[in-house]
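# Sharing a model prediction with you, sequence too.
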Amino acid sequence: MKHFFLLFISVSTAAILTLCLFSCRQAEKKYMDYPIQQVSLNRIILTDSFWLPKIQTIQKTTIRYAFDKCASEGRFENFITAGKVINGAKGHTRGAMPFDDTDVYKTIEGAAYSLISAPDPELENYLDSIIAIVKTGQEPDGYLTTWRTIDSLNPPAQWVKRGARWTDLGSSHELYNSGHLFEAATAHYWATGKRNFLDIAIKNADLLVKVFGDSANYEIPGHQIAETGLIKLYQITDNEDYLQLAKKFLDLRGDAARRQIRGAYSQDHIPVIRQDEVVGHAVRAMYMYAGMTDIAAIYGNKNYLNAVNNLWDNMVNKKLYITGGIGARHEGESFGDNFELPNLTAYSETCAAIGSVYWNDRLFRLTGNSKYFDIIERTLYNALIAGISLDGVEFFYPNPLESDGQYKFNMGACARQSWFDCSCCPTNLIRFIPFIPNLIYAAQDDSVYVNLFMSNKAIISVREKPVEIRQNTNYPWQGNIRINVKTEKPQKFTLKIRIPGWAMNEVTPGTLYSYADNLDETFLISLNDSLINAKVKNGYVEIFNEWTGDNLIELVLPMKVRQVLASNDVVADRGLSAIEYGPLVYCAEEMDNITNFDRLLIQPQAKFSVKMQPDLLGGVNVIYQQTEDSKQLFIPYYAWANRKTGKMKVWIKNN
Ligand code: FUB
Ligand code: ZN
């Protein structure tokens, strides 16, 4: 265990990536159900100075850190104990949550993705040894939830009912455990081509099909994720039983005629196709809407499509924080009422932000509309990466937009914490962040989409011919993006370059937020030094061309400090402004504004200056506002709470 991380650190990721691009030991990924396909991680060499260090921190530090926590807190031991119990011994469960098994799965998932961008035989072997441990805890018929196998009469948490399998699906998390198992095992199979983890997942999925696929069984998961996990297994195995079970779980939700429904907390109050307001536990909701979008795509199901469209409209117009965060209430980790977006008590769970990206990416792949990437970009750069400290070993579970330096919003602390009894967020960050390069591009027939801006080199298959795309940029600190497009032989296709909503005077799709003033300056785009008079269609500049040789596209986005106002319906933000720069939301921390923090004021005609500070918080642009009597300083929201505990706010008085 010790050595592989040393090796990991010593070799440059970019160099290894060059070697492994197209080496394709990975299983070929096929997601043919969506009209638009992701361009997989194994086609991309990331060189970006903003994102690559974040991914490397996960690779070099956080994965090891989480595996160490899994070891010290009994997560591995539970699988071994379960194995002993299967063989007749007695044992007791360690840990506090019925879903502690998933921290192991999620860390394997992130490590598997990291193997694609930074191959490492020692890490891969280490994963194999953990997978062997997981296997020992699986019952002969495929059942896998260690606490129930070890001692079903003593659940790890009081709120879970004791007793036989599947007796308390509302809270037992047995099907949630299965869902994360499927997600992780499919990622591991894709990354390594190995079946060891996948076979464990398939055995478990076959058991679920046997039990829950039965036409007389109307039970469904408490916490959603089995749905998307089963669909991923279907995509690999072509076993339609998995797809049908995922759809059955969704169809039964809210169906009071056939089952005892659990209510809005679990999105189980009315049938999913009639749901049009995002309610209840926000992470559960995101995973469910992602599953519904899969069903809309795979079956071409219009009812499902209509529902996810309505749910998305409600979320972005009435329940979205400016940071992209969602889920206003601590109580029930849930969405609040429409426009209920408090700042100090905001929940905005890190996992919910991650779930929102998974959902929005699916909606994009179904429709080709960039508005979903406007939400993804806002979430990535703000609510989501705020969840992890710059050094990769401290975490936020909720992500408030204000702190008074006292209210203990973060599971009993007013600061980042090194781990939690319920460590869903740290391990979700681990599984998600190494996956980010998957989101940069997408392809459909004769079109290539450029959705996110980060330096990289990619080889994208267009009509089965390779096209090389290189991006060079210092985004989000500067708005210049150079995109090179190179083909070996002349090739006709359309390059669709996303123009972020914020660059066209739209804070978020919809009416929830607006800029205090509209900017006349807009983006500029040129092809081989000739300006293009570009119309934006569905959020993209479309460049159709017969591409020959190496071509340079230069995109210049208008980077300005902008003041944002929330809709008057958001009571919490009345009389307040937030400031943004490009995709980044800014905040003020007390330690930078010691004498005037409680009097901070953004005037309508405020003059701001922007300065790169390479030695601050890993290198950030800070924003200054000079008023008559004082200087105010703002930092990117994602970087707050990395120095010391104190007050913070995103929304600042404007009169
Ligand atoms: O219940 C499993 C996970 O734990 C949820 O997704 C999080 O919100 C946390 O409650
Ligand atoms: Zn979480």
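That came in fine, so what should we check first? Predicted model only: the values in this text are computed from it and were never measured. Numbering: from 1, shown residues only. Ligands and ions are numbered 1, 2, ... in the order given.

# Give the buried residues for stretch 255-266.
By 16 or more other C-beta atoms under 10 Å, the buried positions in stretch 255-266 come out as 261-262, 264-266. Any C-beta I mention is one placed from the backbone N, CA and C, and that applies to glycine too.

# oh, I was asking about stretch 104-121
For stretch 104-121, using 16+ other C-beta under 10 Å, the buried residues are 104-120.

# same check, this time on stretch 445-453
447-453.

# Identify those among those residues that sit within strands.
Counted as lying in strands by DSSP state E, out of the buried residues of stretch 445-453, are 447-450.

# what about stretch 313-321, average pLDDT?
On average, the pLDDT along stretch 313-321 is 98.

# Those residues of the protein touching ligand 2, which are they?
351, 424-425 (C-beta under 5 Å from the ion).

# Which of these fall in helices?
Those of the residues of the chain next to ligand 2 mapping onto helices are 351, 424-425, per DSSP state H.

# Export those to JSON lines and append columns for neighbour count.
Putting those into JSON lines (neighbours: other C-beta atoms under 10 Å) gives the following:
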{"residue": "351", "neighbour count": "24"}
{"residue": "424", "neighbour count": "23"}
{"residue": "425", "neighbour count": "26"}
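
# now the residues you listed as TSV including pLDDT and distance to ligand 1?
Formatted as TSV, those follow (pLDDT from 0 to 100; distance: C-beta to the nearest ligand atom, whole Å):
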residue	pLDDT	distance to ligand 1
351	98	5
424	98	4
425	98	8
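
# In CSV: these, plus distance to residue 26.
Listed next are these as CSV, based on distance: C-beta to C-beta, whole Å:
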residue, distance to residue 26
351, 27
424, 27
425, 28
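
# Tell me the one of the residues you listed nearest residue 633?
Nearest to residue 633, judged by C-beta to C-beta, of these is residue 425 at 28.4 Å.

# ok, the closest one - contacts?
Each residue near residue 425 by C-beta atoms under 8 Å, 6 or more residues apart in numbering is listed here: 349-351, 387, 395-397.

# For ChimeraX, what selects the buried ones among these?
Under the burial definition 16+ other C-beta under 10 Å, those of the contacts of residue 425 that qualify are selected in ChimeraX by:
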select :349,350,351,387,395,396,397
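
# So which bits of the stretch 201-350 of the chain are right by ligand 1?
Within the stretch 201-350 of the chain, the residues that sit near ligand 1 (C-beta under 6 Å from any ligand atom) are 223, 283, 333, 349.

# who are the neighbours in contact with the third one?
Translated: residue 333. Residue 333 touches 281-283, 327, 347, 349, 352, counting by C-beta under 8 Å, 6+ apart.

# In the stretch 451-600 of the chain, which residue sits nearest ligand 2?
Closest contact between the stretch 451-600 of the chain and ligand 2, by C-beta to the ion, is at residue 585 (20.6 Å).

# before we move on, what SS does that residue have?
For residue 585, the assignment made with DSSP: H, G, I helix; E, B strand; the rest coil gives strand.

# Any idea how many residues pack against it?
By other C-beta atoms under 10 Å, the residues close to residue 585 number 26.

# residues contacting it?
322-323, 378, 381-382, 578-579, 636-637, 650.

# Kindly report the same for residue 503.
Per C-beta under 8 Å, 6+ apart, neighbours of residue 503: 479, 522-523, 557-558.

# Apply 7 Å and report the result again.
522-523, 557-558 (C-beta atoms under 7 Å, 6 or more residues apart in numbering).

# Over to residue 63?
Counting by C-beta under 7 Å, 6+ apart, the residues that residue 63 touches are 107, 110-111, 114, 430.

# if you set the cut-off to 6 Å instead, what comes out?
Going by C-beta atoms under 6 Å, 6 or more residues apart in numbering, residue 63 touches 110-111.
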